[in-house]
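J.: Mind looking at a prediction? Sequence and model below.
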Amino acid sequence: MEALSVESIKDAIAKLPEQEKVSLAAWLNMITMDEWDRQMQRDFSSGGRGTKFLEQLKREAAEGPVEPIQTNNSRRDIQFWAHRQ
């Protein structure tokens, strides 16, 4: 299969019916989110580049009063910690 240029892909997308554009956008968003999830897993697993950040957060949480801040994400629940003022 011949590689397509970004411009030819954009032209083809522009010609799609609106519902197919919506479907394509949802699919692109999903694969982007899945890649982001994989990157976060790599970054925050043992030895990942986010390890030092997690260690710092754990130290800060142990040093002072913190409370959880809950947010609901469409893909998962995320819990943040904030220092009480």
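T.: Structure's in. What do you need?

J.: helix or strand for the residue at minimal distance from the centre of the chain, which one?
T.: Centroid-nearest residue in the chain: W36, 4.3 Å away (criterion: C-alpha atoms, centre = their mean). In this assignment (DSSP states H and E), W36 forms part of helix 18-44.

J.: pLDDT (mean, whole number) over that helix?
T.: Mean per-residue pLDDT for helix 18-44: 91.

J.: For it, which helices and strands make contact with it?
T.: Under the contact criterion of 3 or more C-beta pairs under 8 Å, 6 or more residues apart in numbering; DSSP states H and E, helix 18-44 touches no helix or strand at all. To be clear about C-beta, it is placed using only N, CA and C from the backbone, and glycine gets the same treatment.

J.: so R49 sits right up against D43, yeah?
T.: Yes - using C-beta atoms under 8 Å, R49 makes contact with D43 at a distance of 5.2 Å.

J.: Looking at the two, which one has more neighbours?
T.: The residue with more neighbours, out of R49 and D43, is D43; 13 against 10, by other C-beta atoms under 10 Å.

J.: tell me the domain ranges of the protein?
T.: Residue ranges for the domains of the chain, per automatic domain parsing: 1-48, 50-85.

J.: now the shortest one: mean pLDDT?
T.: The average of the pLDDT scores along domain 50-85 is 66.

J.: For K21, the count of nearby residues, please.
T.: K21: 13 surrounding residues under other C-beta under 10 Å.
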